[in-house]
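> Pasting the sequence and the predicted model now:
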Amino acid sequence: MENKVIINEKYSKENHPTIEGIQIIEGKNNFPISWLNQQGYCEYQIYLQYMKGIKTSPTSAMLKGTEVHNTLEEKFIEDATPATFDEVVEMSKSEPTVTRECFVISPDDGIRGFIDEIWMTPEEIVIIDDKPGSKAFPSTINQVRAYCLAFKNMTHEKRVIKGGLRQRGTDNIFWSEVFDDNAEKQIRFTINRMHALFKGQKPFMATKNPNKCRSCRYQSYCEECKI
């Protein structure tokens, strides 16, 4: 059964006074999970965009990604049944369910975001993140692991949770793993580093890869550029 989750955020929140995009939820900084993808590409991008407030035009790849994403969402909504998050999780314990654009949040870990698609069966949960290519990078793996962590913390699930990366617009899941204790330990390490960056406890590290710098939309603003 396909379900469109009705979002119901029960947490009070306020915007961070100096960092755009960060919310303070239950007294702790809370950042979008999608930033983990950017962090793995180049941490300094996050500094320039959200702490320095530098604005740039979206790239053609970003615009294309948004277009494809919206098309998939519109197609899904046509046949989906509205339901709350708790209703879908409970329903999945007796029958398979699928939902898209599911909001998850973990105040304790300081993360939140929208999962592209979740497959739930009585035996397992599969959390899917759509990407434009078909190669798993550490940054994209971190992103889907964080979605798994937030989902686990929201539901206290005992079922097996798996994370998967799927080539956008296809059925090709090109990477997957069971979200086990080791995966949880690794993503918590990265999340804790992110919070240390926002608190000024660690410096933002720029990429050392000149190829990344060449394609970076912040190149002309970056003091750390390698080209």
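Happy to help now that I have it.
> For residue 52, see how far away the residue nearest to residue 51 when sequence neighbours are not counted is.
Distances taken as CB to CB, 6 or more residues apart in numbering put residue 19 closest to residue 51, at 5.7 Å, once the chain neighbours are dropped. Where C-beta positions appear, they are placed from N, C-alpha and C, glycine not excepted. Distance, residue 19 to residue 52, by CB to CB, to the nearest Å: 10 Å.
> okay, those two: which has more neighbours?
The residue with more neighbours, out of residue 19 and residue 52, is residue 19; 17 against 12, by other CB atoms under 10 Å.
> Checking my notes, residue 109 in a helix, right?
No: the assignment for residue 109 by DSSP: H, G, I helix; E, B strand; the rest coil gives coil, which leaves it out of any helix.
> That one against residue 149, yeah?
Yes: counting by CB atoms under 8 Å, residue 109 does reach residue 149; the two are 6.3 Å apart.
> The residue nearest to residue 51: what's it in contact with?
29, 50-51, 198 (CB atoms under 8 Å, 6 or more residues apart in numbering).
> switch the cut-off to 10 Å
Applying CB atoms under 10 Å, 6 or more residues apart in numbering to residue 19 gives the contacts 29, 31, 46-47, 50-51, 53, 197-198.
> do residue 42 as well
Counting by CB under 10 Å, 6+ apart, residue 42 touches 48, 139, 204-209, 212-213, 216, 218, 222, 224.
> In this structure, where is pLDDT below threshold?
Scanning the chain for pLDDT under 70 picks out the ranges 1-9, 57-81.
> Quote the end-to-end distance of stretch 101-117.
6 Å (CA to CA, to the nearest Å).
> where exactly do the strands run in the protein?
Along the chain, counting by DSSP state E, strands occupy 2-6, 13-15, 23-25, 28-32, 81-84, 97-106, 111-120, 124-131, 160-167, 173-178.
> now the last one against strand 124-131, angle please.
Put plainly, it is strand 173-178. For strand 173-178 against strand 124-131, the angle by axes from the mean of the first three to the mean of the last three CA atoms, to 10 degrees is 140 degrees.
> Show me which residues of strand 173-178 are buried.
The neighbour-count check on strand 173-178 (16 or more other CB atoms under 10 Å) flags 175, 177 as buried.
> Which strands or helices does that strand pack on?
Applying 3 or more CB pairs under 10 Å, 6 or more residues apart in numbering; DSSP states H and E, one finds that strand 173-178 contacts strand 124-131, helix 138-155, strand 160-167.
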